[in-house]
Every structure is written in structure tokens, then in C-alpha cells.
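A.B. asks: Give the three-dimensional model of this entry:
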Amino acid sequence: MDQEKRVLAAFALSFVMLLLWRVFFVKEPPPSPSSKSISTAQTQPATEKTSAAAVSPRLPPSIPVIEGSKPEDIVVESDLYTVTFSTRGAVVESWILKKYRDAKEAPLDVIDDEACGKLGFPMSLSVGDGELASKLNSALYVATPSGVTLKAPVKVEFTYSDGKVQAHKAFTLGTGYEVHAEVSVVEGGRYLPMEVAWPGGFGDHSLPPAVINTLTQGVYGSLGDLNTVAQRKLTTDRLVPAPFQLAGLEDRYFAGIFLPDSSDETFRFGRQTWTPTDWKGKDSDRPSPLYAQLGQAQPKPLAFRMFVGPKDLEVLRAEKPPLDSLVDFGWFAFIAKPLFLGLRFIYERWTHNYGWAIVLLTVFINFALFPLKLKSIRSGQEMQRIAPLIKSIQDKYKGTKFNDPRKQRMNEEVMKLYKEHGVNPLGGCLPMALQLPFLYGFYRVLDLPIELRHAPWILWITDLSAPDRFHPFGIPLPILPTVMVITMFIMQKMTPVASADPSQQRMMMFMPIVFGIMFYNFASGLVLYFLTANIVGILQQVMINKLMPIPQTLPAPAKRPR
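C.D. replies: Next comes the predicted model:
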């Protein structure tokens, strides 16, 4: 028993020692976190970091005050352009293309100073806060360098800060028509999403307002797949979502194109609305101009390139990426482009005058198509020879309704007559149809290229891209369209007519007048082409009539006595 008591006492003493050791010497470990707590602790900092990075790069919270003391103009010149910046808003007040003149023979400025004075100038900013945007567009920026006139290539920077908000614009201008820009707005240490605007329209603003409304349009899309919207047809604003390769404004001969540096940049364009007090008197009905805005939805700097220049194929092809798709030759571009290259070749190598180049190219085209014309004339002569026989058949079934079975018999008799005399009724139509692509292609060649803009020919024809208006006594006389109509009458008198129907012949004689009305407002270069083609056609017809006299018409069969 003593031994057992000693064992129990030893266990009891050991238990008391363990309790005392635990209380005085062993620290309680912290509770182990649950799996959910671990997940939250690990992901929350990463999420906050990712969110902060997505919102904006962190910038120093303190921004020094930077502001100009007075408005100044910064002029950048090259051999091709003169661009005038203003430190008031760091905008572009003038963009002159030196090689071109406007409709009033003044240096061509693609910025409408009057309209932009009311609606804002190119490179103005748009941010979510309208009051802040107004402040940034009217603030005095500090320009670096600050020289009055700078020679390209040069980089011009504009900075403004009120201590809370800072705006910065940098423009790199080279010797070509392209400008690279970087724009940013910072508030509270973070970048703000923004848009850069081109208000007030684009192009030759010396033209009549109705003409501007017809020619100006918005363009956007990818190379080889461009979409255009004419100013006169634009009723609501258009948002062009990312990505796109180019977007901007253009008229027939010039383009202002944004080329985004980032695939997430967006573009919008629309028509600006005048207020009743903007224009008075003769300009009260002035069409509202187009505007364009390139934006960055993400809060980060906006970087882009911009092409402001002529739609000259060589200039456009030299851009990266090539922009020659801005010159749209239409469905028959595979014909129109070689025609244009041929026209330019004749101009550069031989004539040095686009009017005479049009004349020579027209002569060449007409002689190249002469075999088709000859076939058409031969077919017309054959049709004219059997016309009395066809008329006798038509008289035989005169008054027959379209759904009458006898109408089918009439058609069978006519086709039998064609077969007996070896005449193809479509022989005159098919050769002419093959010439239509050339006619349309030449129309596009003379309507689009900037080379014909203000290009003279002879005497009073000083602009082949404009309608012919001769003013001998202050009265506009369309000389070229009138001569063209006369030559068309002569052509019709000399050309054999397939139909013997007097009403159809009278209708055909009326066609030159219709053409004269249509061509009254067409470019004189296009009228010159048709006039030259008529004169060549008359000479060809004289030759044909001598070599291929008109065959004697077959007599109509005698009517049977009733």
C-alpha cells in the first residue's frame, strides 16, 4: 500500500507540475486562420492593386502651378504647310497647305476660322466634366519651345496646371503631312479619360455653303474597307467603336484623318448645331458643319497620329499605313486607275497641260474601242436595212395585247426574219455595253483626282474641275456643254438608226438636250472628254460612211387587198 500511495502521489505531483508549467511558462499560440480567411487575405491586396492599375497609374499628388501670362501664337512651318498653335487652350487656329489655293485664290486653310471661333478649334479637349473642359480650353498654356516661328521637324509641348489639374499636349511635326500627338489630363494624381476634337468642319471653306454641305463627309474603317457618311445625310451622331485603323473628315480633294496608336481608342462624329445668334443675314441658312472626336475610354494618355493633307495618290501611298483607299474610283477601279495613270503620264511626258492630256487620252481610247464601235454600226446598218420588214410585221399585229397568244406569233415572225437575214438584234447593244465601264471609269478619273483641281486648259477654261462658265458680258455662258450638244446632234444625224418608228427617232433626237442639261454643272474636264469623243466619233463616222455605205433598205411587202 505504501508503494501504491507513493505512485499515486507521484502522478498527482506530476499533474500539478504540468499545470503550473502550462500556466507560467507556455504561451498560447494564435488561432490558425480558416481557409476562407486565407483566401480573402491573399486576394484582396492583389485585387486592390489590379483595380488601381486599371483605373490609372499613380502619379505624384502634388502638381506645381503652370500657367502662361498672355496668349501667344506658335507657328510651325515646312515646305508643305504652316500650322499656327495658340497657347490659349493649346489649340490649332490655322492649318494652311502651302501648295494649294482655295476657291478665292487665297492660301488654302482647312480650318474654318469663323465657325471654329463659335464652336471651338481643333485639338480642343472634351472631358466628363463640362466646366473643367471649358477651363482647359480657355486656359493659358506654357509652350516649349516658345519661339514665335519654328521650322519643322520640331516637337512642340503645351502644359497647364492650376495645382489640382494638369493638362499636357505634345505635337511632333515632320516634313510631311503627318503629325504625332500625345495628350493627357491629370487630376488628383490620376489620369482622366478624354477626347480630342476637330470642330467646325474641314476642307475648302471658301466654297459656297451648299457645295460644302455636298462634298464634306465623315470617313472611318480599315484599309480597303472604308465607310463614308455625307454631311448632308448625317442626322445623328455616329460612334465608331474600337478597333479601327483610321477615321476623320474629308472633302473631295483633302482629308483630315486620325490614326490611333492604341486599339482601344474610339471615334465619334456628327453635325454641330448653330445657335440663332451665330449667323445673321446672308449666312443665316449656313449648314451646320461636321465635327470629329478621337477619345480614350481608359484613364490614360491619348496618343495618335494625324494626316492633314491632299488626297494625292503618291502622297497617300507614302503614308504608313498607305491611305490611297481614300481616293475611291468606284466599282470599275481596275479601269479607272490605269486611265488616271495614263492621263498623268501624258501630262508629265508630253503636254504639261491636263486639258490637252484629256484630249489625247480620249482620242487614244476611242481608237482603241473603234472595233467595238464598228461592229455596233454594222449591226445598226443591218437593222436599218430590214426595218421596213419588221414594221410590216408589227403593223400586222397592231393593237394586240401583251398577253394575247398572237403576240407570241409576232415575236416568232420577227426572230425568223432576223435569222433569214443574218442579223443579231443585240449586235449593236453588246459593243456599246462593253464601253460603259470605260465611260464610268473616265468619269471617276476626271471627277476625283486633285491633279485636276484648278488645272487650266485654254482661254477661259482655268479650272478643269469646275463647270465651264464663260462671262463675256457678265452673263455665264456654258460654251463647252453647248458645243457638246451640237456635236451630239451631228452624230445622231450621221449614225444609222435601227428603228423605223418616228416616235423613237424623235425621242433619240431629244437626248442631246437632256445630256446638255445634265452636263451644265459637270466639271469642264468631263465635258471636254465627251466633246472630244463626239468629234472623234464624227470623223470616224465620215470614214465609215465612205468605206461602208448605208445599204439600201428592203421594201416592205405589199399589203394584200381585203
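
A.B. asks: From here on, just use CA atoms for contacts and neighbour counts.
C.D. replies: Will do.

A.B. asks: Stretch 236-251: end-to-end distance?
C.D. replies: Length of stretch 236-251, first residue to last, C-alpha to C-alpha, to the nearest Å: 19 Å.

A.B. asks: mean confidence for that stretch?
C.D. replies: Stretch 236-251 shows a mean pLDDT of 92.

A.B. asks: again, but for stretch 356-370
C.D. replies: 91.

A.B. asks: starting at the chain centroid, how far to that stretch?
C.D. replies: Distance, stretch centre to chain centre, for stretch 356-370: 30 Å (C-alpha atoms, centre = their mean, to the nearest Å).

A.B. asks: where do the strands sit along the stretch 301-450 of the chain?
C.D. replies: Under the criterion DSSP state E, counting those that start in this stretch, the stretch 301-450 of the chain carries strands at the ranges 302-310.

A.B. asks: Could you list the low-confidence segments of it?
C.D. replies: For the stretch 301-450 of the chain, applying pLDDT under 70 flags the ranges 402, 425-434.

A.B. asks: rerun that using 90 as the cut-off
C.D. replies: For the stretch 301-450 of the chain, applying pLDDT under 90 flags the ranges 328-335, 337, 365-449.

A.B. asks: So what sits opposite the residue most central in space within the chain in the bridge?
C.D. replies: When C-alpha atoms, centre = their mean is applied to the chain, the residue found nearest the centroid is V219 (4.5 Å). Applying DSSP bridges to V219 gives these bridge partners: T228, G248.

A.B. asks: isn't T362 right up against V527?
C.D. replies: No: counting by C-alpha atoms under 8 Å, T362 stays clear of V527, with 11.6 Å between them.

A.B. asks: okay, those two: which has more neighbours?
C.D. replies: More neighbours surround V527 than the other of T362 and V527, with 25 against 21 (other C-alpha atoms under 10 Å).

A.B. asks: State the number of residues packed around L323.
C.D. replies: Neighbour count for L323, taken as other C-alpha under 10 Å: 22.

A.B. asks: Now do the contacts for it.
C.D. replies: Counting by C-alpha atoms under 8 Å, 6 or more residues apart in numbering, L323 touches L223, L316, R317.

A.B. asks: And it, how far from P467?
C.D. replies: Remark: distance between L323 and P467 (C-alpha to C-alpha) = 29 Å.

A.B. asks: and if you look at V142?
C.D. replies: From V142 to P467 the distance is 48 Å (C-alpha to C-alpha).

A.B. asks: between the two, who's got more neighbours?
C.D. replies: Legend: neighbour count by other C-alpha under 10 Å for V142 and P467, higher for V142 (23 against 20).

A.B. asks: on that earlier part again, out of the contacts of L323, grab the one that's most surrounded.
C.D. replies: Highest neighbour count within the contacts of L323, by other C-alpha under 10 Å: L316, with 20 neighbours.

A.B. asks: Starting from P310, give me the distance back to R317.
C.D. replies: 12 Å.

A.B. asks: cool, and P449?
C.D. replies: Distance, P449 to P310, by C-alpha to C-alpha: 10 Å.

A.B. asks: just V327 next, same as before
C.D. replies: Going from V327 to P310 by C-alpha to C-alpha gives 10 Å.

A.B. asks: how deep is K493 tucked in, by neighbour count?
C.D. replies: K493: 11 surrounding residues under other C-alpha under 10 Å.

A.B. asks: what residues does the helix or strand hosting it touch?
C.D. replies: Taking DSSP states H and E as the criterion, K493 maps to helix 479-494. Applying C-alpha under 8 Å, 6+ apart, the contact partners of helix 479-494 are 468-470, 509, 512-513, 515-516, 519-520, 524, 527-528, 530-531, 534-535, 537-538, 541-542.

A.B. asks: List the buried residues for it?
C.D. replies: Residues of helix 479-494 classed as buried under the neighbour-count rule (16 or more other C-alpha atoms under 10 Å) are I479, L480, P481, T482, M484, V485, T487, M488, F489, I490, M491, Q492.

A.B. asks: what's the answer for stretch 222-238, then?
C.D. replies: Of all the residues in stretch 222-238, those buried under the rule 16+ other C-alpha under 10 Å are L226, T228, V229, A230, Q231, R232.

A.B. asks: how close does the residue nearest to T216 when sequence neighbours are not counted get to S392?
C.D. replies: In space, and not counting its chain neighbours, T216 is closest to D251: 4.3 Å by C-alpha to C-alpha, 6 or more residues apart in numbering. Counting by C-alpha to C-alpha, the gap from D251 to S392 is 57 Å.

A.B. asks: Those two: who's more crowded?
C.D. replies: With neighbours defined as other C-alpha under 10 Å, D251 and S392 compare such that D251 has more, 23 against 16.

A.B. asks: Next up, the contacts around the more buried one.
C.D. replies: By C-alpha under 8 Å, 6+ apart, the contact set of D251 is F202, G203, I212, L215, T216, Q217.

A.B. asks: let's see it at 7 Å
C.D. replies: Going by C-alpha atoms under 7 Å, 6 or more residues apart in numbering, D251 touches G203, L215, T216, Q217.

A.B. asks: What is the burial count for the first one?
C.D. replies: If I follow you right, that is G203. If you count neighbours by other C-alpha under 10 Å, G203 ends up with 26.

A.B. asks: Touching, it and F254? I think so.
C.D. replies: Yes: assessed by C-alpha atoms under 7 Å, G203 is found in contact with F254 at 6.2 Å.
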